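S.K.: I'd like to go over a predicted model; first the sequence, then the structure.
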Amino acid sequence: MGTDNQTWVREFILLGLSSDWDTQVSLFVLFSITYLVTVLGNFLIVLLIGLDSRLHTPMYFFLTNLSVVDVSYATSVVPQMLVHLLAEHKAIPLVSCAAQLFFSLGLGGIEFVLLAVMAYDRYVAVCDPLRYSVIMHGGLCSGLAIASWVSGSVNSLMQTAITFQLPMCTKFIDHISCELLAVVRLACVDTSSNEIAIMVSSIVLLMTPFCLVLLSYVQIIATILKIQSTEGRKKAFQTCASHLTVVVLCYGMAIVTYIQPRSGPSVLQEKLISLFYAILTPMLNPMIYSVRNKEVKGAWQKLLRKLSGFTSKLAI
């Protein structure tokens, strides 16, 4: 590509999912409701953990972090998408695009590392329960949470910096947001170095945590199978069921998307995957932990009884 065709754009145009007005209005209503449910669900999880002293344990400390990450990720993508669904000129300034890429990519990386940390927590709880409180002390939990946030943020800063140094051939992004691969495709120059950087960061922040999760669950399953009583095995598995469900939801499509940037999914598949992470996963996570977790359900019931008693007193 000749240098005459290289441009430094000041804004991008997001092509989104559809150009049909009726479809855009329908999507606006659907995504608005989903986003409100996501924010409310994650807020209630954080509030519940903060109010119930029985949930002041490492597992729920990490779950609080996960809820904050989920609602932040959704907020980095969905409000802008909602505006563009109803806007005639679907432009996003360069600075806003870079900020969106930084936050969405960073929060995604934080979530993958955080899920590996939560897998380690479940490994200790099942495989070494007598020393659980000694191993998973407050200092270690805080350190692991900080490491998750720092690693995801540093990787995102590096990826954002090298991506927006590229000269662009066009300002039209065929995506719902400023997603990494979609922006890199606009470049007028060879992007092999960017793709290598994406591959390396995917190995560090995606495949490495995923392998640690697998290793943890191999040990967990081996330990559960050694438990003689059926009730004991069931109880041990229930402590991991919610986390395992979230792991399956979060890792699969991200591996398909980022491990092979050149031969990865189509543009439409990328858009659907982004919607999955921005809308569906953040909404489902608090539901999974509420429905499949006896401690959380017990805390909900306790809180509802308190609220019922409070409203009854007000009525009198």
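M.R.: Alright, I've got the coordinates. If you're wondering where the values come from, they're calculated on a predicted model, not measured in any experiment.

S.K.: Could you pull out the helices in the stretch 201-316 of the chain for me?
M.R.: For the stretch 201-316 of the chain, the helices defined by DSSP state H, counting those that start in this stretch cover 208-226, 230-258, 267-275, 281-291, 294-315.

S.K.: could you redo the ones you listed as JSON lines and give each row distance to Val150 and mean neighbour count?
M.R.: Placement of C-beta: from N, CA and C, glycine included. Compiled in JSON lines, these are given as follows (distance: least, C-beta to C-beta, whole Å; neighbours: other C-beta atoms under 10 Å):
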{"stretch": "helix 208-226", "distance to Val150": "14", "mean neighbour count": "16"}
{"stretch": "helix 230-258", "distance to Val150": "20", "mean neighbour count": "17"}
{"stretch": "helix 267-275", "distance to Val150": "24", "mean neighbour count": "17"}
{"stretch": "helix 281-291", "distance to Val150": "22", "mean neighbour count": "20"}
{"stretch": "helix 294-315", "distance to Val150": "28", "mean neighbour count": "12"}
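
S.K.: if we compare those helices, which one ends up closest to Glu111?
M.R.: helix 230-258 (6.4 Å; C-beta to C-beta).

S.K.: Without its sequence neighbours, what residue ends up closest to Glu111?
M.R.: Val69 (5.0 Å; C-beta to C-beta, 6 or more residues apart in numbering).

S.K.: Check Gln24 too.
M.R.: Leu85 is the one closest to Gln24 (C-beta to C-beta, 6+ apart), at 4.6 Å.

S.K.: is it fair to say the one you found lies in a helix?
M.R.: Yes: secondary structure of Leu85 (DSSP: H, G, I helix; E, B strand; the rest coil): part of a helix.

S.K.: so what pLDDT did it get?
M.R.: Leu85 carries a pLDDT score of 92 in this model.

S.K.: What is the neighbour count of it?
M.R.: Counted by other C-beta atoms under 10 Å, the residues lying close to Leu85 total 23.

S.K.: ok, it touching Phe28?
M.R.: Yes: if you go by C-beta atoms under 8 Å, Leu85 and Phe28 touch, sitting 4.3 Å apart.

S.K.: Need the residues touching each of the two.
M.R.: Common neighbours of Leu85 and Phe28 (criterion: C-beta atoms under 8 Å, 6 or more residues apart in numbering): none identified.

S.K.: among the helices and strands of this structure, which has the poorest mean pLDDT?
M.R.: helix 294-315 (a mean of 69; mean pLDDT, DSSP states H and E).

S.K.: Take the helices of the stretch 201-316 of the chain and write them to TSV, including distance to Ile162.
M.R.: Converted to TSV, the helices of the stretch 201-316 of the chain look like this (distance: least, C-beta to C-beta, whole Å):
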stretch	distance to Ile162
helix 208-226	21
helix 230-258	15
helix 267-275	20
helix 281-291	27
helix 294-315	41
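
S.K.: right, so of those, which gets closest to Pro79?
M.R.: Per C-beta to C-beta, nearest to Pro79 of those: helix 281-291, 13.2 Å.

S.K.: between that closest one and helix 267-275, how big is the angle?
M.R.: Angle, helix 281-291 to helix 267-275, by axes from the mean of the first three to the mean of the last three C-alpha atoms, to 10 degrees: 40 degrees.

S.K.: Tell me, please, where in this structure the pLDDT is lower than the cut-off.
M.R.: 1-8, 256-265, 291-292, 307, 309-316 (pLDDT under 70).

S.K.: elements contacting the longest helix along it?
M.R.: When the chain is scanned for its longest helix (criterion: DSSP state H), the result is helix 94-127. Counting by 3 or more C-beta pairs under 8 Å, 6 or more residues apart in numbering; DSSP states H and E, the packing neighbours recorded for helix 94-127 are strand 11-14, helix 58-86, helix 132-135, helix 138-163, helix 180-184, helix 208-226, helix 230-258.

S.K.: Direction included, what does the next helix or strand after the fourth one pair against?
M.R.: For helix 138-163, the succeeding helix or strand toward the C-terminus, using DSSP states H and E, is strand 172-173. Here strand 172-173 has these sheet partners by DSSP bridges: strand 11-14 (parallel).

S.K.: neighbouring contacts of the strand it pairs with?
M.R.: 84, 89-94, 97, 171-173, 175-178, 183.

S.K.: swap in stretch 43-53?
M.R.: Contacts of stretch 43-53 (C-beta under 8 Å, 6+ apart): 55-56, 60-61, 63-64, 67-68, 71, 286, 289-290, 296, 299-300, 302-303.

S.K.: list the buried ones in it?
M.R.: Within stretch 43-53, the residues that count as buried by 16 or more other C-beta atoms under 10 Å are Ile45, Val46, Leu48, Ile49, Asp52.

S.K.: So Phe31 lies in a helix, does it not?
M.R.: Yes: counting by three-state DSSP, Phe31 is located in a helix.

S.K.: Am I right that it is in contact with Val78?
M.R.: Yes: counting by C-beta under 8 Å, Val78 is a contact partner of Phe31 at 6.2 Å.
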